[in-house]
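A.B. asks: Sequence first, then the predicted structure, then my questions.
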Number of protein chains: 2
Amino acid sequence: MRRSAAKTAFRPTLAEVARLAKVSPATVSRALNNPNIVAEETNRRIQEAVRQTGYVPNLLAGGLASSRSRLVAIIVPVLARSVFNEMIEAMTEELMAARYQVMLSLSGHQDEHLPAIVDSVLARRPEGIILTGMVTDPLLRERLVSTGATIIETRHLPGEPIQHVIGFSHHAVGVAVAQAFHELGRRMPLIVAPDTVRSLERQNGFTKEMARLGVRRVSTITMPMPSSVGQGRAALAEFLDNGGKADCVMCGADWQAHGVIIEAQRRGIRIPEDLAVFGFGNTDFAESMEPSLSSVNIDGRQIGVAAAQILVERSPGPPTFRDVGFSLIRRESA
Amino acid sequence: MRRSAAKTAFRPTLAEVARLAKVSPATVSRALNNPNIVAEETNRRIQEAVRQTGYVPNLLAGGLASSRSRLVAIIVPVLARSVFNEMIEAMTEELMAARYQVMLSLSGHQDEHLPAIVDSVLARRPEGIILTGMVTDPLLRERLVSTGATIIETRHLPGEPIQHVIGFSHHAVGVAVAQAFHELGRRMPLIVAPDTVRSLERQNGFTKEMARLGVRRVSTITMPMPSSVGQGRAALAEFLDNGGKADCVMCGADWQAHGVIIEAQRRGIRIPEDLAVFGFGNTDFAESMEPSLSSVNIDGRQIGVAAAQILVERSPGPPTFRDVGFSLIRRESA
DNA sequence: CTGAAAGCGCTTACAG
DNA sequence: CTGAAAGCGCTTACAG
């Protein structure tokens, strides 16, 4: 029993639309969700009633009744300088077209909000959950799978997938960059990178490949998230001021690479003659810099679109495990 | 009547928690939402039952029953290179602490998805809607207010607010930058800016103030959204190649300013001696550039926190209209 | 401090 | 193609 507390705003319900259109609520529901099973003339009357009342369906009620929330959650660490934006925007467009809504949740630079985020996300009963980080806590993993939501891990290739995967190998990225530097004749490599799991995978790939090619010594400067231009400058400055020597540097992000180049230029170090530089992410400014920045490109749109497809099609069968790869974009800096 | 279609995932309900804890569903609801009105020992039993079952409340049902969705929608054009990220992150943190969830919606570079977005947002019955763009269509405005949700327009000072406003005057920004250039003795101003309503307000302020100071001629290069480094380069190149002359340039975004500086440097134009440059947004790379970039700083965190407060407090009374101002950050470029 | 019961606004299996 | 009715999983006014 409830009292209709001072109704601030009049919100027409489906029942009122039905009354106006002189049909049952059930028929209005059908007309809205599946118009082709409703008679032409009935559809018309209902459309008119919707227009007149300004009716907006209540998806809290709809989702509860149908067990279809039409909601997809995307969990990313942060927005600023995020490498995920392209994927998010592509996925959002695809899902909007299929009448889904995406709910973006921020888990924090170190995923520090993840447990709280997962609970608040699950409370909305999303049909899909897109993960951009690694979920290692077994309790959280279990909570996620028990949901019944479609889980998609993106932008890496986990050893033990939760369910679907659309990503690429960070290890392979490191290998490819090492090879590129080696072909340029570089033998004194430096790594400037954040202390994230994925960056470490790239570093491992890089270091192992360098070793295989006969270069046993790799210098590394690790920086805390978030990566920034200033951080790249600081990293190179610290390295050089301590007597470090390098003829090539793999950065964990284009931002850092940008900073490395600025700092090098200030010191009269020529790019790429004295120092070859590779970024990561192929951020839009990479091609506009002077010198332009070589970087690793990930097709975020492709990942976003593929993820959306999995969600919309809801096809049964075994989970997807898809490596979308990456490409080295060679420009002036390496 | 419904058949429980092949239940893929077991989702415990509040009723099952109640059974386990040997209390009524009503009491579980109270323990979860308002624990201090429930007996200590009862709370304990319920907590234990929640733990055992892995219960996660269904906010679709909760929101429907209580007419409190605990949802706040933020509508932004796009994510990439967005000047809103700081505000979004601050607001998200504040709202999370108050048990709200934010749902981020993308309206597109030209707000082209806005009508569709508004409907899908309203369907979730958010308690608040944060607008970052202008809503001029009277029908959309009406739809928004009729909702009963708290509406907050941010980052500008509209002449006819929908409801609450937390922003600053773009016109005043233009005036301030004009004054800064004028004090530096610059008399041949150039504007490189996107074709957005807000950028136009800054341009108007700039142009009027310049005229007041005796400088009647202002060159303008207008670029389509989104702003980028490459765009800034292209704009300056086009201007100079067509014989344009300028000794200072106000840019619509730090990205563009960055590009302007790169292009100028490539042509041997000294910054700031030959060309003073002002950006907008005080993006994090501004201080790390060489030369460092002067820019206009907006305190996004402050806007985000203030908006969250309005939503959480839900205090009645007249709507807020708050000018948070801005500040010119003077660095090497101007 | 707690319970029984009505109701939130939809959807859908069933029966025509 | 359409309607009557049950049910989705909660909350809350009412009554103790």
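C.D. replies: Noted; the coordinates are in hand. Here the structure is a predicted model, which means the values were calculated and not measured.
A.B. asks: The stretch 201-334 of chain A: strands as residue ranges?
C.D. replies: Using DSSP state E, counting those that start in this stretch, the strands found in the stretch 201-334 of chain A span residues A:219-223, A:248-251, A:276-278, A:295-297, A:321-323, A:327-329.
A.B. asks: what pairs with the longest one, and is each one parallel or antiparallel?
C.D. replies: So that's strand A:219-223. Note on strand A:219-223: by DSSP bridges, its sheet partners are strand A:189-194 (parallel).
A.B. asks: List the contacts of the strand it pairs with.
C.D. replies: Residues from elsewhere that reach strand A:189-194, judged by CB atoms under 8 Å, 6 or more residues apart in numbering or on different chains: A:178, A:181, A:199-200, A:202-203, A:206-207, A:210, A:215, A:218-227, A:232, A:235-236, A:239, A:244, A:246-253, A:256-257, A:260. Backbone N, C-alpha and C define where each C-beta goes, glycine included.
A.B. asks: cool, stretch A:297-308 as well?
C.D. replies: By CB under 8 Å, 6+ apart, the residues outside stretch A:297-308 that reach it are A:83-92, A:94-95, A:98, A:128, A:130, A:152, A:154-155, A:164, A:166-168, A:281-282, A:320, A:322, A:324, A:326-329.
A.B. asks: Buried only: go through the contacts of strand A:189-194 for me.
C.D. replies: A:178, A:181, A:199-200, A:202-203, A:206-207, A:210, A:215, A:218, A:221, A:223, A:225-227, A:232, A:235-236, A:239, A:246-253, A:256-257, A:260 (16 or more other CB atoms under 10 Å in any protein chain shown).
A.B. asks: got the residues of the stretch 51-200 of chain A near DNA strand C?
C.D. replies: A:55, A:57, A:58, A:61, A:62, A:64, A:65, A:66, A:68 (CB under 7 Å from any atom of the strand).
A.B. asks: filter these down to the ones close to chain B.
C.D. replies: A:57, A:58, A:61, A:62, A:64 (CB under 8 Å from any CB of the partner chain).
A.B. asks: Any chance of JSON lines for these, columns distance to DNA strand D?
C.D. replies: JSON lines is the format used below for those (distance: CB to the nearest atom of the strand, whole Å):
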{"residue": "A:57", "distance to DNA strand D": "13"}
{"residue": "A:58", "distance to DNA strand D": "11"}
{"residue": "A:61", "distance to DNA strand D": "7"}
{"residue": "A:62", "distance to DNA strand D": "9"}
{"residue": "A:64", "distance to DNA strand D": "4"}
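A.B. asks: Give the full set of residues in contact with residue A:83.
C.D. replies: The contact partners of residue A:83, by CB under 8 Å, 6+ apart, come to A:155, A:253, A:281, A:283, A:298, A:300.
A.B. asks: any weak-confidence spans in chain A?
C.D. replies: Applying pLDDT under 70 to chain A flags the ranges A:1-10.
A.B. asks: Quickly list the domain ranges of it.
C.D. replies: Listed by automatic domain parsing, the domain ranges of chain A are A:14-57, A:66-168+A:300-324, A:170-297.
A.B. asks: and residue B:140, which of the ones you listed is closest to it?
C.D. replies: Residue B:140 sits nearest to domain A:14-57 of all the domains of chain A, at 11.5 Å, using CB to CB.
A.B. asks: Distance of the nearest residue to residue A:292 once chain neighbours are set aside relative to chain B?
C.D. replies: Excluding its sequence neighbours, the residue lying closest to residue A:292 (CB to CB, 6 or more residues apart in numbering or on different chains) is residue A:331, at 3.9 Å. Going from residue A:331 to chain B by CB to the nearest CB, to the nearest Å gives 13 Å.
A.B. asks: which ones are touching residue A:331?
C.D. replies: For residue A:331, the contacting residues are A:286, A:287, A:291, A:292, A:293, A:294, A:295, by CB under 8 Å, 6+ apart.
A.B. asks: so what does the longest helix seen in chain A touch, helix or strand wise?
C.D. replies: In chain A, taking DSSP state H as the definition, the longest helix is helix A:197-212. Packing partners of helix A:197-212 (3 or more CB pairs under 8 Å, 6 or more residues apart in numbering or on different chains; DSSP states H and E): helix A:170-183, strand A:189-194.
A.B. asks: check contacts around the residue nearest the centre of chain A.
C.D. replies: Nearest to the mean C-alpha position of chain A, by CA atoms, centre = their mean, lies residue A:84 at 3.6 Å. Residues counted as contacts of residue A:84 (CB under 8 Å, 6+ apart) are A:76, A:132, A:155, A:300.
A.B. asks: quick one, phi psi at the first one?
C.D. replies: Spelled out, that is residue A:76. phi -120, psi 160 (degrees, to the nearest 10).
A.B. asks: Distance check, it against residue A:154.
C.D. replies: Distance of residue A:76 to residue A:154, given as CB to CB, to the nearest Å: 10 Å.
A.B. asks: Could you name every residue contacting both of these two?
C.D. replies: Taking CB under 8 Å, 6+ apart as the contact rule, residue A:76 and residue A:154 both touch residue A:132.
A.B. asks: Who has more neighbours out of those two?
C.D. replies: Shown here are residue A:76 and residue A:154; by other CB atoms under 10 Å in any protein chain shown, residue A:154 has more neighbours (25 against 22).
A.B. asks: these two touch, right, the more buried one and residue A:167?
C.D. replies: Yes. Between residue A:154 and residue A:167 there is a contact at 5.7 Å, judged by CB atoms under 8 Å.
A.B. asks: Okay, and the beta partners of residue A:219?
C.D. replies: Applying DSSP bridges to residue A:219 gives these bridge partners: residue A:190.
A.B. asks: For it, list the residues it contacts.
C.D. replies: A:188, A:189, A:190, A:191, A:239, A:244, A:246.
A.B. asks: pretty sure residue A:130 is in a strand, no?
C.D. replies: Yes. Under DSSP: H, G, I helix; E, B strand; the rest coil, residue A:130 sits within a strand.
A.B. asks: tell me which parts of the stretch 51-200 of chain A are close to DNA strand D?
C.D. replies: A:61, A:64, A:65, A:67.
A.B. asks: Switch those residues over to a markdown table; also include secondary structure.
C.D. replies: As requested, these are exported to a markdown table (three-state DSSP):
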| residue | secondary structure |
| --- | --- |
| A:61 | helix |
| A:64 | helix |
| A:65 | helix |
| A:67 | coil |
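A.B. asks: For residue A:212, grab the count of nearby residues.
C.D. replies: Neighbourhood size, residue A:212 [other CB under 10 Å]: 12.
A.B. asks: ok, now how distant is it from residue A:247?
C.D. replies: 19 Å.
A.B. asks: residues near whatever residue of the stretch 201-334 of chain A ends up closest to DNA strand C, how many?
C.D. replies: Taking CB to the nearest atom of the strand as the measure, the point where the stretch 201-334 of chain A comes nearest DNA strand C is residue A:314, at 13.5 Å. Neighbourhood size, residue A:314 [other CB under 10 Å]: 9.
A.B. asks: OK, contacts around residue A:239?
C.D. replies: Listed by CB under 8 Å, 6+ apart, the contact set of residue A:239 reads A:190, A:192, A:219, A:221, A:246.
A.B. asks: actually residue A:253, not the one I typed
C.D. replies: A:81, A:83, A:194, A:227, A:279, A:280, A:281, A:283.
A.B. asks: one step back: tabulate the contacts of residue A:83 (TSV), appending distance to residue B:271.
C.D. replies: TSV is the format used below for the contacts of residue A:83 (distance: CB to CB, whole Å):
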residue	distance to residue B:271
A:155	37
A:253	26
A:281	27
A:283	23
A:298	33
A:300	33
